[in-house]
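[1] kindly return the folded structure for what I paste below:
(chains A and B)
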Amino acid sequence: MPSDGHGDMNHSGRAGSEHAHHEGMGHAQHGAMMGHGGMGHGGMAHGGMDMAPGGIPLASGGEDRDGLEMDLLHLRLGPVLAYWPAGLVLRCTLQGDVIVDAETSLVAADDRIAAAEPGHVPGDPRRFAARRCDNAASLLGLAGWGDAASRARRIRDALLFTDDLDRPAGELHRLRRMVGRSWWLRWSLRRVGPRNAHDLARRGLPTTMAGGVRDRLLAMLDRAAHSTAGQQPTGPPLRVPVDAIPDLVRGWDLATARLIVASLDLDPLAADREVSHV
Amino acid sequence: MSEAAVTVVHAGWAVPAAGLLGLLAVAGAVLDGFLTARTTGTGSSGLSQPFGEVARLMRQRRRTTVAADSLLWRIGGSGLLLMALMIITVVPLGRWTLFDLDVGVIWFNAMDVLAWAFVWLTGWGANSAHSLVGGYRFLAHGLAYELPLMFALVAPAVGASSLNVGEIAAAQQGLWFVVWMPVAFLVFCMGVLAIAVWGPFSPALGADVAGGVTAELSGVDRLLFQGGRYALLAAGAAFAVPMFLGGGAGPLLPAWAWVLIKTLALLAVFVWLRRRLPAARPDVFMEAGWLVLLPAVLLQDLIVAVVAAGRS
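    Residues are numbered from 1 along each chain as shown, chains lettered A, B, ... in the order given. Modelled structure (predicted):
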């Protein structure tokens, strides 16, 4: 996926310079880029600076879960990434591939709540269902199930661009059955991101998020199906505070964290806003 | 099994053999393009997709990353193709083979272990977080698939009382090994998918780590890596034919044609499987590998050994 590659290059670049600033080594970073003259200054400020291959300072260490010292790596996910809620930025601190700390921010948005459907129009169940299908496609794509992800995407397109609602509704029903029956998916996603009702209440998260990633995936497809069947989504709309995300992903490895974020069924966070005036 | 079951051909035939492997790999890629186009519902048939992709990658400028370990990166990226070429040297095409190694099965095993190094080096060389994570994930998979794969290779060798691939094929006159060694066959196929980083074993290249070990590969490097994966699938399918599927045995057609037909059929199954199954997360698969696959394949070996001892 070449587009992913581009995205990643940008991330690593930014993460590197960001790291330098974190450590108060911004000056040293510039020095190392400019040549040897600057290096000496950086070296005096920080002993390890002559170990900066390519101008990127080496990672600093931190206590691991096991009590061993392990390198800390800073990696930024988003705001643009395949299968990622657009606009959401997650700054992760990694040890190995485990997220030990994270903080979220939003690009050009001050709304700290990601509504299931910002300005959800009750009369527009198609868009609601299409958004759910899109999110389900992301989650299935992250879970590596190409066929199911393609089907979810096709249903989304059919919901948005065809007048006939019966066909996508039937397809959605079949997809829901296929996903629900797959023992491989159940096995692969078991024990990922489980939340019980008590835990959710404590964190102020909607009760629709109960269960693991697989349960939330099925719930997502069910909501889409209900919406196409003309039923309004039951209960208050699903709202996930963006500030809750670091808590949800902390302690999981990178891939699992992405599955968890995808299972939150968020909407593109700043898509309806004008970001820049050029 | 006294006289040699196969004839060794002149070394010059290595070039047509490599070409044949290339054709099989292209066939796999074409099938994958077709299946992908069918499920995504794009207008085109997808049959030309791999050729377009080759053309695109051939003229794409090679990107590089800051402080990349270029030498190791290149070695890793081109290594998979090399592995596939080395594997088919011991696979008899009907009566002919390039190498009539007494220890052909061990040769295959030695080659498949190289995947550990090559995939890992590809992830390491780019000096990027995502590709490094991808490399680690492959090693985690490797810890789970490698031992079952090794013991799966033991079963046909014990059944035929030989490590020579030609003799193993010859020992299946009458009854293919796949019939009474199904577990070993399935585990072997799983191993082939794993060394090709394919289907359920592709989390090392997963979308969740932005392409993993391939995240920074571009141009010719990416072409070599992806081509190597298809070539490995084809080589693995070709190796399964003398090991489990009776080699060139079959009615009417000559032996070499049967080898090709069986190889293509197994390759098609491999390619098709990719879209059908979700990924096996490395941490979850580790449990399955050690608690289910390894005991199952050891039991299979025991049964084969008892049968073989009873025969002699």
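[2] identify the residue of chain A closest to chain B, quick one.
    Nearest residue of chain A to chain B: A:G144, at 2.7 Å (Cβ to the nearest Cβ). Where you see a C-beta, it was placed from the backbone N, CA and C, and this is true even at glycine.
[3] check the burial of that residue by counting its neighbours.
    A:G144 sits with 27 neighbouring residues when counted by other Cβ atoms under 10 Å in any protein chain shown.
[4] sec struct for it, please.
    Classification of A:G144 using DSSP: H, G, I helix; E, B strand; the rest coil returns coil.
[5] B:T39 too?
    Applying three-state DSSP: B:T39 is helix.
[6] that one: what's it in contact with?
    Applying Cβ atoms under 8 Å, 6 or more residues apart in numbering or on different chains, we find B:T39 in contact with A:146-147, A:150-151, B:275.
[7] cool, and B:P278?
    A:140, A:143-145, A:148, A:182, A:184-185, A:188-189, B:200.
[8] give the closest residue to it in space, chain neighbours not counted.
    Closest residue in space to B:P278, ignoring its immediate chain neighbours: A:W145 at 3.9 Å, by Cβ to Cβ, 6 or more residues apart in numbering or on different chains.
[9] same question, B:F188
    Spatially, and ignoring its direct neighbours in sequence, B:F188 is nearest to B:A152 (4.5 Å; Cβ to Cβ, 6+ apart).
[10] so the one you found sits against B:G191, correct?
    Yes - contact between B:A152 and B:G191 holds when scored by Cβ atoms under 8 Å: they sit 6.7 Å apart.
[11] of these two, who's got more company?
    A count of neighbours by other Cβ under 10 Å puts B:A152 above the other of B:A152 and B:G191, at 27 against 24.
[12] helix or strand: which one has that one?
    For B:A152, the element it lies in under DSSP states H and E is helix B:129-160.
[13] right, and the helix or strand after that helix?
    helix B:165-170.
[14] who does the helix or strand following that following helix touch, helix- and strand-wise?
    Beyond helix B:165-170 in the direction of the C-terminus, DSSP H and E gives the next helix or strand as helix B:177-180. Helices and strands touching helix B:177-180, by 3 or more Cβ pairs under 8 Å, 6 or more residues apart in numbering or on different chains; DSSP states H and E, are helix B:129-160, helix B:182-195, helix B:219-244.
[15] quick check: pLDDT value at the residue of chain A closest to chain B.
    Looking at A:G144, its pLDDT reads 84.
[16] next one: the one 10 residues further on
    You'll see A:R154 listed with a pLDDT of 86.
[17] quick one: it from A:F161, how far?
    11 Å (Cβ to Cβ, to the nearest Å).
[18] any common contacting residues for those two?
    Taking Cβ under 8 Å, 6+ apart as the contact criterion, A:R154 and A:F161 have no common neighbours.
[19] quick one: which helix or strand includes B:D301?
    Assigned by DSSP H and E, B:D301 falls in helix B:294-311.
[20] may I have that helix as CSV, with CA atoms only?
    Taking Å, rounded to 0.1, in the frame of the first residue of the first chain, the C-alpha atoms of helix B:294-311 are listed here in CSV:
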residue,chain,number,x,y,z
LEU,B,294,2.7,-29.2,17.3
PRO,B,295,1.0,-32.0,19.3
ALA,B,296,-1.2,-32.8,16.3
VAL,B,297,1.7,-33.1,13.9
LEU,B,298,3.8,-35.1,16.4
LEU,B,299,0.9,-37.5,16.7
GLN,B,300,0.8,-37.7,12.9
ASP,B,301,4.5,-38.5,12.8
LEU,B,302,4.0,-41.2,15.4
ILE,B,303,1.3,-42.9,13.3
VAL,B,304,3.5,-42.7,10.2
ALA,B,305,6.5,-44.1,12.1
VAL,B,306,4.4,-47.1,13.4
VAL,B,307,3.1,-47.8,9.9
ALA,B,308,6.5,-47.6,8.4
ALA,B,309,8.0,-49.8,11.0
GLY,B,310,5.2,-52.4,10.6
ARG,B,311,5.9,-52.5,6.8
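[21] contacts for that helix, please.
    Residues contacting helix B:294-311 (Cβ under 8 Å, 6+ apart): B:147-148, B:151-152, B:154-155, B:158-159, B:161, B:180-181, B:183-184, B:187.
[22] ok, now stretch A:95-108?
    With contacts defined as Cβ under 8 Å, 6+ apart, stretch A:95-108 is touched by A:62, A:64-65, A:70-73, A:78-79, A:87-94, A:112, A:242-243, A:245-246, A:249-255, A:257, A:269-270, A:273, A:275-276, B:133, B:136-137, B:209.
[23] quick one on the thing from earlier: show only the entries of the contacts of B:T39 found in helices.
    Judged by DSSP state H, those include A:146-147, A:150-151, B:275 as members of helices.
[24] now neighbour count and distance to B:V304 too, for these, in a markdown table please.
    A markdown table is the format used below for the ones in helices among the contacts of B:T39 (neighbours: other Cβ atoms under 10 Å in any protein chain shown; distance: Cβ to Cβ, whole Å):
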| residue | neighbour count | distance to B:V304 |
| --- | --- | --- |
| A:G146 | 23 | 36 |
| A:D147 | 19 | 35 |
| A:S150 | 20 | 41 |
| A:R151 | 24 | 41 |
| B:R275 | 20 | 33 |
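[25] wait, which of these is closest to B:T7?
    For these, the residue nearest B:T7 by Cβ to Cβ is B:R275; the value is 40.1 Å.
[26] isn't the closest one up against A:G146?
    Yes - applying Cβ under 8 Å, one finds B:R275 in contact with A:G146, separated by 4.2 Å.
[27] name the residues contacting each of the two.
    Here B:R275 and A:G146 have B:36, B:39 as joint contacts, going by Cβ under 8 Å, 6+ apart.
[28] need the contact list for the residue in chain B that chain A sits nearest to.
    Closest contact between chain B and chain A, by Cβ to the nearest Cβ, is at B:A279 (2.7 Å). Contact analysis of B:A279 by Cβ under 8 Å, 6+ apart lists A:143-145, A:188, B:200-203, B:206.
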